[in-house]
Structure formats: structure tokens, C-alpha cells
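# Give me the fold of what follows.
(chains A, B and C)
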Amino acid sequence: MIIEICDSAAIPEGEIRRFEPEGFAPIAVARHEGRLYVFPDRCPHADESLAEGWLEDGRVVCGVHFAEFELDTGKVHNPPVGCPNLSFFRCEDRDGKVFATLTGGPEYV
Amino acid sequence: MLDLLDISKPFADLDAPVDLETERAITRWLHAEVRLLDAERYQEWLTRCIDPDIRYWMPDMETRRRDDPRGMFAYGEAAYFDDSWKELEIRVKRYNEPSAWADNPQTRHLHQISNIEVNATEDPTLFAVHSVFTNVRNRNEADQDIVHGRREDVLRAGPGGYRLLRRRVFIVQNVLLSKNLNTFF
Amino acid sequence: MCDTGCAGNAGRPNMAPVYPKAGRYPDYARLVDRNRAQVDRRVFVDEGVYQAELQQIFARSWLFLAHESQIPNPGDFIRTSMGEDDVIVVRQRDRTVRAFLNSCPHRGNRVCMVDAGSKARGFICNYHGWSFGIDGGLRGTDGKVYEKDETFEKAQIGLTPVAQVDSYKGLIFGTFDPNAPSLLEFFGPFTFYLDIMLDNDEGGTEFIGGAIKSEIDCNWKFPAENFVGDILHAFWTHQSGAQAILGGGVDLGKRYDELAFQASVYGHGIETNLDKVGNTRTLGYPELVDYVFDLSERARDRLGDLRSRAIGAISSCTIFPNFSFLPGQNTFRVWHPRGPGKIELVVWTLVNKNAPDHIKELYRKGVMMTFSPGGVFEMDDGENWEYSTRVNQGFVTRQQPLHYALGLQSADLDRDLPGHIHKGSLNDANQRLFYTRWAEFMEHDNWTDLQNGETAPPQKTASAAE
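Next comes the predicted model:
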């Protein structure tokens, strides 16, 4: 099921925002070079908020232990021991709105 | 300039050990050099052991994270020694003064040199020599300072024997655990 | 701990910063005998006095932290000390500078183990992975347990901030006392003298080449008082260094009687001649002497005649309690206390940002050759301070007074300069005022008394000085 998350304009370039859609765990929406990325707002290592981190060189940086996740692949760099890659939800930017498929969890890595 | 003589650069791989005879000669030279220092014969050390083109560097060691590109030391930053002949000569002049109080009464010195590796270089008159040292200075009744470190030397063979052309000294301390450095390494 | 806690009713920790309260130590204050110009040697060896110093002086004074140039960008940091307290000084994303105790509020381990670094994202404790942002706030933990613990209140946990941080012309200071007066009030009109080094040219100053640290087994006050006003020692202690570099002894110049003086405000003190280049000359590089001569000429409009003559002159300065520098030689240093009988000395080299690169390089080498552990001047200082300290382990020895009475009649009431002025730089006047300030800190538990005692600047107009 595709649900509407927010206005597209609510996600400026280079920023991450946290949303709490009803019935789902909190998600993070980021924009890098115009493109949108939607992923669970908890780092795979310690369940910390990734929206409290930041974007740097095409990666999401976790503000807690500084793991870096590639936006295109989810591949983790500089991970604390045991920190897996990041997964993303399918999303689209349509008619000035951000939509994402949240059912079934993040689908692709 | 050869990389070998660039004071800011480490030796490349030490993979060209010299013949035994050269190694023995240079080992003897290193032992004789520190015997002059232990005897506080600094003027003689300068004139007999040091090449006029000497570069003599001992950087300050900082503690940095492994991922910090600066590393523990950097040429051009703080150093205990970053000397040419002129600076070494000034230091020796101070030792020659009776009022050099840090050395009067006399300090008991010891330099122990080991782990000597002598390597040939692309220039047949130049040798790349790695060694480690222990330096003990003991003064008055019970004042004792011990400094350990390693050295990367370039020796030049000439008509009068070997001369020190370049020396990089790396001590294994961050805060210098001594009030001064009234010696050479 | 478990009297009430094990049943699950434990009170939650109050993690708000704790800034110590000052006390009153009149018995210690009396160890400085102002009427007899003598100092009781117990101030150099007594553990009780030392602990009182940490409370009364180092937990209240503005202490030097860093030069702005050491941490230019957000996330750039250095680790240093305030007294014996380990602190991190870090540039924030909004370009301000903050400082924090380097101790995790969980089990106390240091969260920063290195001397310095650039563009840090934060500081993670090696013990349990507690992670702090460069703003000091707790960002998160390791192990996925705190998030599930309903009583855990992350928002109120963080590294303890240094209560106030401020800078003066490139130099950053901090104090643990939220009630301390501003940095400018702490200096008072002594800034007039700081500007000799900090504002003698366009463009400001910078530290070059990092720090050199060493240990000396002496009480921190011996080097501090030495720089506050003891040029006298240079003749005897440093004869060998002067001979090596200058080929002669220390010379204060022909116009000494007319020009040399000491100035003191709130225990900060400078002794200076006005010989233009006496200090710079001892660095051994003629190019530096030429540079300072030119600089001195250029600075006349900026600083006036008197101060422009002091830029490179034979002089020394201490900012109370433990930050010192030598004008002209450009060495800046802190004497961090490490117990009553030990210091960690940290030295830096300051230059004008707009100085040519080869001049900066010569300052770096000149300071190394003179005022670093292998330098021909500093070499001979350490042992003096060590034995001035150590002999006082003798029970009878430490009953004996020390003489601080040179220049008792030398107050200069005519010269219109800021602060307490005494004639001649060969004088114990600044050292007496340094120890008077020390006694004020021991005596008073409040800043009103601290800022209005004997060391406070006499009322006169600083602007008339030029």
C-alpha cells in the first residue's frame, strides 16, 4: 500500500526529516541531489534516529556512532561492530507529494 | 634532491643490506659517535661526525586518532630539533659555557645503540642506517631521565670517513617526561 | 544504593552540571605576608594548600584554552587542561567555541583520548560506546538497552560544559565559575599590555606548528612568578644561552633607568624594557630583528610609542594564574598544575597572520632553539624551579621565609599607565602582586571582594597613557 508521507517541499536538498505515519514505525525522508530516499528512522546498529544524523557525500551519517550508509546501495562504512547495511522503502515524488510503500518493511537494499 | 635526503620523508623499504665489512664499519662509527656524546665532547662530535650539510630533525609527537591524516608528527610543525649546522653549533656553544647550569655539575650520560640496519642506496657514497637508542641522563643525587627512540640516518662516505648527513629522531613519548634535553641523539 | 532502589522506586539521577562553590581560606591567605614582602614556603609543597588552589583559583579564574587558529572549522578540537581537569575545546557548527569536561557521565572515562583533531563528528566513549555530539549532548548509546528502558532520560545527559567561554583577540579562555565576571573584567585594563602582542598589526595572530609538552617537577607558581616579573634571573641563569646566541650577556640597554618598568593588574603582570628588539635578538635570526624593527615603526599609529617599542623588547608576562608569554620571542605557554610538585608545560609559537612565511618559519625555529625543552634558554630554567620546590620537603627548611622585597620603594605614581606601575623591570613588585592576588583568591569566596582588593587597578585614566 502506498501512503502519502508529506509535501515534497518539506524535504530540502541535503536534509533528513523524521515522520511518524500512523500504524508504522517512524521513517526518515532524505533528499540528495534532488532525489528522495525513505528509510526506517532507526539505525540498524543501536536503534538510534538517523534523522538526527546528517547527509555527507551521498551517505547518511548516523549521529550516534558515525556509521555511514550509502544512499544508493545502503552499504555501511565505518560501522560499529555488528552494524548491518541500511534498507530503503520504495518511494516516489508525485504531484508535489512524497509517497512511500511502507507495508512489508523496507524492500530493497 | 634524492628522497633519501629529504628530511620530511621516511626511508623507502630497507631491503638492500650492505656487505658485512661495511656494516661493521658503520656500526663502529655509530658506537664511536655516541661515545663522544657520552663524554660531552660536543665540539669534537660536531667537527668529526657531522657533515656541513646536516639536517637534524626530532619532531614533537602528538597523540592522534588512527584515521587522522596528520599522523603523530608532521614536518614543519613543532620539533625539539630541526637543525642545520648553524643551529647545532649554537647548541654546542652553550655546552661550552661554564654557566650552562643544567650541565654544571656534570650530567652522567649514556647512549645505548642497537637494532642497527645498514642499507645501500642509489648513491654509492650514501648509506641508509636505521637504529634504536636508549638515552639515560642522571644528575645530582637521584635525578634521572630516560628517553627511548629510533633514528633514521643517512651517512656519507668521504675521504675522512663517514659523516652524518641527515638524521630523523623519533622518541616514544608524547609529553616529554623530562624537564629538558641536554644531549643529542 | 539499594536501600530504596532495588524495588524499582529508585530516584532518577540529577545529571545537571555541578560547578563547585568557593570557600574561604584565611589561614592560607596569611602565608603571603604583604607587610614583610615574604612568602611562606608551604605554598609550594603543602597538599592542603594545593587542593585549595584547585578550588579557589583554578575552578574560578579564566584559564587559557586555545588560540582561535587552532580550531578554525566546526568539529575542530583540542584537548587541554583547566587546573587538573581534562577538557575538550571544540568549534561548534555556528562557529562559536565551547568546552566540556572530558569525562563520560556514565562511568567517568575520558571520551577524547587524543591531543587534537579536525572536523570531529562527536566523541564516543571507548568504555560503553556512549556518544556525544560536538555540542556535548548525549546522542546515543550502544547495546539497544537504554532505548527500551522507560526511565532513561537521554535529553538531560551530556558532557559538563565549561561554564563560560570567551575570547580576546584570538585567545580563547574559559572558567568553571558561572558567576565569574566577564573575561574583559577579569583582565581589567591589563588588555592595554596584551595588545602589545595580540594587536600590533592588521589581520590578527595565529599559533603555528602545534604544541610541545614536557614535565617539570616544580610547583606551578615558580614559572608563573618567573614570567610575571623576574628578568633578574636572566643574567645568571641564562648567561650560557645568551653567550651561545649573542656572544655576550643579557643587556637591558642604555635607557633602562628611564624606560623599563613593571605593570600589574589583578595579579597579571608584565615586566618590560623598551629596547625594541632585545627579546627578538635572542632568537638568533637577524631577519627577525629587521622584521620587528619594521613592525615597531608600523605599530606606532596603532599602539603608540611606548607599546610599539615593547613588541620585541626584553620582557615577559603572566596572565594570572598560569598563562605566560614572552613578547618578541613569541613563545606562549601554560603551566598546568599536576600536584604541588609537578607541572605539565605546554608551549606554542604565536605569529602575526600577515607575517611573511619565511618570518613565521624563523619564529618556529627560533622558539625551538631558545624556549623549548632543548632550547638554550629553557634548558637551564627547569632545575632551578625543581629545587626551589623540592628543598621544601625539609621540615625546617620550609619554616624559613623567602625574600620578595626587591624594589619596595619603587612605585611609580607619576607615569600614566594602566595598573600598578613600578620603576625598573629588575624588581619583585609584580611577584609581590602575583602572590597578593593568590592570597585574595584564598581569602574571598565572592567576586565582589576579589575584584576590589589590593591588586585591583588604581583609578586613573588609561587613555592618557599615550
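# For A:K97, which non-adjacent residue is spatially closest?
In space, and not counting its chain neighbours, A:K97 is closest to A:E4: 5.4 Å by CB to CB, 6 or more residues apart in numbering or on different chains. In this view, the C-beta of every residue, glycine as well, is placed from N, C-alpha and C.
# Could you tell me which residues make contact with residue 16?
You didn't say which chain, so I picked chain A. With contact taken as CB atoms under 8 Å, 6 or more residues apart in numbering or on different chains, A:I16 is in contact with A:A28, A:V29, A:A30, A:L50, A:A51, A:G53, A:W54, A:L55, A:V60.
# actually it's chain B I care about, not the one you picked
B:A16 touches B:N119, B:A120, B:T121, counting by CB under 8 Å, 6+ apart.
# So B:W101 sits against C:H233, correct?
No - checked against CB atoms under 8 Å, the pair B:W101 and C:H233 is beyond contact range at 10.9 Å.
# Looking at these two, which is more packed in?
Taking other CB atoms under 10 Å in any protein chain shown, B:W101 and C:H233 do not tie; B:W101 has more neighbours (18 against 13).
# Angles on the backbone of that one, please.
phi -60, psi -30 (degrees, to the nearest 10).
# For it, which non-adjacent residue is closest in space?
In space, B:W101 is closest to C:D380, 4.8 Å off (CB to CB, 6+ apart).
# Narrow the contacts of A:I16 to those in strands?
With DSSP state E as the criterion, strands contain A:A28, A:V29, A:A30, A:W54, A:L55, A:V60 from among these.
# of all of chain A, which residue lies closest to chain B?
A:N78 (8.5 Å; CB to the nearest CB).
# Which pLDDT value belongs to that residue?
A:N78 is assigned a predicted lDDT (pLDDT) of 92.
# mind checking how far whatever residue of chain A ends up closest to chain C is from B:S131?
Using CB to the nearest CB, A:V64 is the residue of chain A that sits closest to chain C, at 3.3 Å. Applying CB to CB, to the nearest Å, the value for A:V64 to B:S131 is 46 Å.
# When those two are compared, which one has more neighbours?
A:V64 (29 against 19).
# for the spatially closest residue to the more buried one that is not a sequence neighbour, which residues make a bridge with it?
Excluding its sequence neighbours, the residue lying closest to A:V64 (CB to CB, 6+ apart) is C:G140, at 3.3 Å. C:G140 has these beta-bridge partners by DSSP bridges: C:S131.
# Next up, the contacts around C:G140.
Here C:G140 is in contact with A:A46, A:E48, A:G63, A:V64, A:H65, C:W130, C:S131, C:K154 (CB under 8 Å, 6+ apart).
# Not counting sequence-adjacent ones, nearest residue to the residue nearest in space to the middle of chain C?
With distances taken as CA atoms, centre = their mean, the residue of chain C nearest its centroid is C:F323 (1.7 Å). The shortest distance from C:F323 to any non-neighbouring residue, by CB to CB, 6+ apart, is to C:F64 (4.0 Å).
# Output the host helix or strand of the one you found as PDB, restricted to C-alpha atoms.
If you go by DSSP states H and E, C:F64 is part of strand C:63-67. The C-alpha coordinates for strand C:63-67 follow below in PDB (Å, rounded to 0.1, in the frame of the first residue of the first chain):
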ATOM      1  CA  LEU C  63      42.100  30.000  32.200                       C
ATOM      2  CA  PHE C  64      43.700  29.900  28.700                       C
ATOM      3  CA  LEU C  65      42.200  27.200  26.500                       C
ATOM      4  CA  ALA C  66      43.400  27.600  22.900                       C
ATOM      5  CA  HIS C  67      44.000  30.100  20.100                       C
END
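# That strand packs against which elements?
Under the contact criterion of 3 or more CB pairs under 8 Å, 6 or more residues apart in numbering or on different chains; DSSP states H and E, strand C:63-67 touches strand C:77-82, strand C:85-91, strand C:97-101, strand C:171-175, strand C:205-216, strand C:331-337.
# Would you mind telling me which of these is nearest B:V92?
Across the helices and strands packed on strand C:63-67, B:V92 has its closest neighbour in strand C:205-216 (21.5 Å, CB to CB).
# CA atoms only for that closest one, dumped as CSV, please.
The C-alpha trace of strand C:205-216 is given here as CSV (Å, rounded to 0.1, in the frame of the first residue of the first chain):
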residue,chain,number,x,y,z
THR,C,205,47.6,36.5,15.2
GLU,C,206,47.8,32.7,15.0
PHE,C,207,49.6,29.8,16.6
ILE,C,208,51.9,27.9,14.3
GLY,C,209,53.3,24.4,14.5
GLY,C,210,51.3,22.7,17.3
ALA,C,211,52.4,22.3,20.9
ILE,C,212,55.3,20.9,22.7
LYS,C,213,54.6,19.4,26.1
SER,C,214,57.0,18.5,28.9
GLU,C,215,57.0,17.8,32.6
ILE,C,216,58.9,19.7,35.2
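# Quick one: mean pLDDT for that strand?
95.
# Low-confidence ranges, chain A, go.
Across chain A, the ranges flagged by pLDDT under 70 are A:108-109.
# and C:N392, which of the three is it?
The three-state label given to C:N392 by DSSP: H, G, I helix; E, B strand; the rest coil is helix.
# any idea what sits nearest B:A12, other than its immediate chain neighbours?
Excluding the flanking residues, the one nearest B:A12 by CB to CB, 6+ apart is B:D3, at 7.1 Å.
# Run through the residues that contact C:E202.
Residues in contact with C:E202, defined by CB under 8 Å, 6+ apart, are C:N354.
# Just say helix, strand or coil for it.
Under three-state DSSP, C:E202 comes out as coil.
# where does it fall, phi/psi-wise?
phi -60, psi 150.
# where's stretch C:129-146 relative to the chain centroid, distance-wise?
33 Å (CA atoms, centre = their mean, to the nearest Å).
# May I see the buried residues of that stretch?
For stretch C:129-146, burial by neighbour count (16 or more other CB atoms under 10 Å in any protein chain shown) applies to C:129-142, C:146.
# same check, this time on stretch B:76-85
For stretch B:76-85, by 16+ other CB under 10 Å, it's B:E77, B:A78, B:A79, B:Y80, B:F81, B:D82, B:D83.
# Pull the number of nearby residues for the closest residue to the third one other than its chain neighbours.
Translated: B:A79. Of all residues not flanking B:A79 in the chain, B:P59 sits nearest, at 4.8 Å (CB to CB, 6+ apart). Neighbour count of B:P59, defined by other CB under 10 Å: 23.
# What residues does the stretch 151-300 of chain C have near chain B?
Selection of the stretch 151-300 of chain C residues close to chain B by CB under 8 Å from any CB of the partner chain yields C:209-217, C:236-237, C:239-241, C:243-245, C:284.
# List only buried entries from the residues you listed.
Applying 16+ other CB under 10 Å to these flags C:209-217, C:237, C:239-241, C:243-245, C:284 as buried.
# Let me know whether C:R338 touches C:E215 as I believe.
Yes - with contact defined as CB under 8 Å, C:R338 counts as touching C:E215 (7.4 Å).
# which residues are common contacts for those two?
C:E344.
# Okay, and C:P321 sits in which element?
If you go by DSSP H and E, C:P321 is not part of any helix or strand.
# just to revisit the earlier point, pick the one among the buried residues of stretch C:129-146 closest to chain A.
Nearest to chain A among these, with distances taken as CB to the nearest CB, is C:G140, at 3.3 Å.
# Can you list the buried residues in the helix ranked longest in chain B?
Counting by DSSP state H, the longest helix found in chain B is helix B:20-38. Buried positions in helix B:20-38, judged by neighbour count with 16+ other CB under 10 Å: B:E23, B:A25, B:I26, B:W29, B:L30, B:E33, B:V34, B:L36, B:L37, B:D38.
# Need the pLDDT of C:M369.
96.
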